[in-house]
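Asker: Here is the input, now give the coordinates:
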Amino acid sequence: MASTSKVDLSGEDDDEQLERFDDFTLASSWERFISEIEAVCRQWLADGPKNLLEKGAVQLDFSQKLYKVKLELKYAMKSYNMEYYFENSSGGKIADENSTLHDLQLCFGVKDFLVIAPQSASGVVLDSPEACKLLSAVAIALTNCSSLWPAFVPVHDPSRKAYIGIQNMGTVFTRRFEADRIGSQVPVRLMHLEGLYELFLSKFAYSTLDFAMHLYKVHFTMTSTYRTIHHDDDDLQSLGIEKEEYDDNHGSETHNRSQWDEDCPWSEWYSAEDPVKGLELTATWSEKTVESSLEMAELENASPHEAEKWMILPYLSTNLDSSEGNRTGFASQLRLLVDALNMSFDAQFMEDFVSVENPGSDNLKSLMIVPPPTVLDRVFKDLFHEGSQVAALAKGEHKISRAIKGAPFGSLFAQFCLHALWVGTCNIRAIAVLWIEFIREVRWCWEESQPLPKMQANGSIDLSTCLINQKLQMLAICIEKKCEMNEDFQDCVGSNEHTHDDMEEDSPVRDKKTNKQKHGDEFDGIRDRPLTEDGLHGSGTTTSRPSMKHGDTLSTDLKSSDHYRRGSAGAVGSMKLLKSYQSMHAPFTQDAPIMTEDMHEERLQAVEAFGNSFSFSAQLEKDILSSDMSAFKAANPDAVFEDFIRWHSPGDWENGDNEESRPSKTPATKGLKDDWPPYGRLSQRMSEQGNLWRKIWNDTPAMPLYEQKPLLDHFREGEKILHYLETLRPHQLLEQMVCTAFRVSADTLNQTSFGGLKQMTTKMEQLYRTMASTLKPLQANRVSGNSETIEDLRRLCVIFEHVEKLLALAASLHRKFLQAPRLSETIFSDYYNFYLPRMGTASTGSLKVDEKEFDIKYQVMTRERQIVSNMFSPPTANQSWRKVLSMGNLLNGHEPIVREIIFSVRDSLRNNHYAAHNPGGFQREIETYRMYICGTSNDLRVALSVTSCD
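Answerer: Model prediction:
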């Protein structure tokens, strides 16, 4: 750079300042290059990190704190890129454990730095003089603007990752940097700490003899990183090791590991990839002062348990946060089932999808795979022959699961839907074949009176489930009733003679007219009992039967057969009959006829058509009411209508305290207590003229349960159910299958054990609520082909996939850190927050999200070290054969995958000829030599920084 001064010789103003200017006409191109670098550096210094971020500084992908700005420069017909790397933080340490450092920060311990490199394919300076000249230009420019930034230039071959650099320390000191790498054939001496220690000493000791004569105080820190071995399925087979030999050496438990999720609830249907591929453990030794090579040899034999700090990094599967949708699981199959639903509107019957007469069948055959007979045999063997007992349907169901109108978990139709997800490619043609065979098996159970597996044959119909499940449950009840009738008939025929003898002995007062009814009297083991004179005071006559025309009088004109009550289930507490003062007996009655949802709807439509009057409602219940009255009369031959009302409908019997409400005494009750009959009367509706209940009572004969006609014709209803299943429209079947498949798939996942992970519990509950809302149109039959509902279902599949991935991760972490729940909960919580943006957009296409990897490290507490250490199982013989151990600091037989070492020597400025520049008594240490070593047995990288006062 040239500069001149011009002085005014007139002498008019002695205090006139000298006028200075820069004359670039004589400056060289190198000087102009330096000036350009200097101007850029001044601008970056003036802006500072905050303004640089506003001007478009770029964040590095691998770090959350490191940014860079870049500028293009030209010199001697070449173009260069000058990059300034800086951290957006205020002082403090260079980086914490979870901050990924730049390569140069690791090597030389710097924070902010410059890198200047040519614009070429390699990005490095291959000519050594050019590299030195380029570095000198940057150093001069930084000195001119009083900057302390270190500057680096990449040199040599790119694979060596070699750099040279320089830094002005602000005093008379200058630091020089140099880094290089050996990519193969690392000398054996440099694989061990002792040899690396001597390599560092050789940089400032005069000769190798000086190592033993002088005790150098070298500061030493080390970090070793270990990674669990990914087990190959063919590890043992590749070496031909027999199972017995391996079990003797390592135990059968390790050898027999088949899949990580073999005890997970979804393992019956598919095997998921383990989302936690392994762990990286970083053991850090605290800084030590080493004075001899013997100490380094001892440190190489030290156990990682002696390290001051342990940090772990979960090594997660790349498919875990992938948005490609290529993961196999319930979500992927549910997506195929939704596609089948979309195609189901193209036909009237399921047979149309497999019929050869269907014009579109050729296209279906070419595009859609039908399961072979062997697969069908396996499916129906599981559905109808294995585990046919009724499962505990409530087990595994979420509390919100019943809001989804599908078949309950473990039921026959639920298992059918789960099998349909995995048969073939879950296409409409495969589902049609499966459904047709399913109906054949169900019909066989009906015709052969075989119990319908996985269905409850008792209780009422669960109307909260889908209609197909209701029909199957009703069919199971019909089959059960059908079997009971067959068994009872055989039992009654075989025990007729035995029953006759017993009745002759037990009831000698019974006349011959009753013998013809003995077969019916012994039905279900309920024996008719003679009517006794309960409660009567010394009366030797039997009570008479009440008249069918006058409910308030008793008739004495009775046949002897009417002295016996039939079908009694026992006395009803202390209740007495009004006219005879005998104990009131509760009869065995028929259950109300079971009805499915569609039957209830038909009944409600009839009520709406004819009105809602009480008389019509009673007419609909006439059969049930008549059956109850017949059974009550048989169990209580002396009962009147008021007795039935007191037992059947207590709300219609009004207790009174006046004489008018007290029934009149009859000849049978004369002589009893004065408070009998009790005060009371029928309600107003039961007392109305022409009351339907009283009419039914008067017209109903006394008949016990076993003589009555069943209220429900099980044969007729069974055939109607099979007709419904065989003629079900495809879209109606698929709608119920989709609802059931989503419900039972979620219920299957809900059985997963994942510890106390609150986020996972909340996410499962949100999934159920989302499914209940999205599946509502299917329950109301408001779906059509290519409708918005189909798109909503596809979006629901994406949400389901997200939850399924998180659940697999939660299960894997829970199993691996079962005895260290703090680690599993912390890791899952951080990954959940990391993954949350991917769940925010439930689109059916690819998700536009940040592609950063999950790289958070976690500190391991002392009490958790043994648990983490146990995850590094000793390597097998095959794994040991593949890799020859050549380094120390082994962890359960595993050598570090990478070992990082820092050697440093520090000198004091006291007693130094530069100490005069420091205030009196102030002592300062400066790091004169620093060597960073990173490597394994096959790779070694060394970075050296030297501080000098030249």
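Asker: May I ask which helix or strand of this structure has the lowest mean pLDDT?
Answerer: helix 518-521 (a mean of 34; mean pLDDT, DSSP states H and E).
Asker: Which residue lies nearest the spatial centre of this protein?
Answerer: Centre of the chain computed as the mean C-alpha position; nearest residue by C-alpha atoms, centre = their mean is L807, 2.5 Å away.
Asker: wait, what's in contact with that one?
Answerer: Residues in contact with L807, defined by C-beta atoms under 8 Å, 6 or more residues apart in numbering, are L749, T752, F754, M760, M764. From N, CA and C alone the C-beta is placed, and that goes for glycine too.
Asker: In stretch 928-941, which residues are buried?
Answerer: Residues of stretch 928-941 classed as buried by neighbour count (16 or more other C-beta atoms under 10 Å): T928, Y929, R930, M931, Y932, I933, C934, G935, T936, S937, L940, R941.
Asker: how many neighbours does the closest residue in space to the fifth one that isn't next to it in sequence have?
Answerer: Nearest residue to Y932 in three dimensions, chain neighbours excluded: A943, at 4.3 Å (C-beta to C-beta, 6 or more residues apart in numbering). A943 sits with 25 neighbouring residues when counted by other C-beta atoms under 10 Å.
Asker: again, but for the one 4 residues further on
Answerer: When neighbours are counted by other C-beta under 10 Å, T947 registers 18.
Asker: F173 is in contact with that one, correct?
Answerer: Yes. If you go by C-beta atoms under 8 Å, T947 and F173 touch, sitting 5.5 Å apart.
Asker: what touches both of the two?
Answerer: Residues touching both T947 and F173 (C-beta under 8 Å, 6+ apart): I926.
Asker: ok, back up a step: for the helix or strand containing the residue nearest to the centre of the chain, list every residue counted as buried.
Answerer: In this assignment (DSSP states H and E), L807 forms part of helix 788-816. Using 16+ other C-beta under 10 Å as the test for burial, helix 788-816 gives 789-790, 792-816.
Asker: Show the subsequent helix or strand relative to the helix or strand that contains S627.
Answerer: Element membership of S627 [criterion: DSSP H and E] is helix 622-635. Once the chain leaves helix 622-635, the next helix or strand it forms, by DSSP H and E, is helix 641-648.
Asker: who's in contact with that next one?
Answerer: Against helix 641-648 from outside (C-beta under 8 Å, 6+ apart): 551, 572, 575, 577-579, 584, 586, 628-629, 632, 636, 652-653, 663, 682, 686, 693-694, 697.
Asker: And for stretch 179-187?
Answerer: Contact with stretch 179-187 is made by 107-108, 156, 159-163, 190, 195, 935, 937-944, as judged by C-beta under 8 Å, 6+ apart.
Asker: Apply 7 Å and report the result again.
Answerer: With C-beta atoms under 7 Å, 6 or more residues apart in numbering as the test, stretch 179-187 has contacts from 107, 159-163, 935, 937-943.
Asker: how about stretch 580-600: buried residues?
Answerer: Buried positions in stretch 580-600, judged by neighbour count with 16+ other C-beta under 10 Å: 580-590, 594-597, 599.
Asker: From those residues, which land in helices?
Answerer: Counting by DSSP state H, the part of the buried residues of stretch 580-600 found in helices is E597, M599.
Asker: between the buried residues of stretch 580-600, which is closest to M485?
Answerer: Nearest to M485 among these is Q590, at 13.7 Å by C-beta to C-beta.
Asker: Could you list the low-confidence segments of the stretch 551-700 of the chain?
Answerer: Scanning the stretch 551-700 of the chain for pLDDT under 70 picks out the ranges 551-563, 607, 609-620, 656-677.
Asker: Which parts of it are strands?
Answerer: Using DSSP state E, counting those that start in this stretch, the strands found in the stretch 551-700 of the chain span residues 564-565, 568-576, 583-587, 653-654, 681-682.
Asker: closest to F384 out of those strands?
Answerer: For those, distance to F384 was read as C-beta to C-beta. The smallest value, 37.1 Å, belongs to strand 568-576.
Asker: Taking helix 622-635 as reference, get the angle to that closest one.
Answerer: 80 degrees (axes from the mean of the first three to the mean of the last three C-alpha atoms, to 10 degrees).
Asker: quick one: which of the buried residues of stretch 928-941 is nearest to T318?
Answerer: Proximity of the buried residues of stretch 928-941 to T318 (C-beta to C-beta) peaks at T936, which lies at 23.2 Å.
Asker: Phi first, then psi, for that closest one.
Answerer: Dihedral pair for T936: phi -130, psi -160, per degrees, to the nearest 10.
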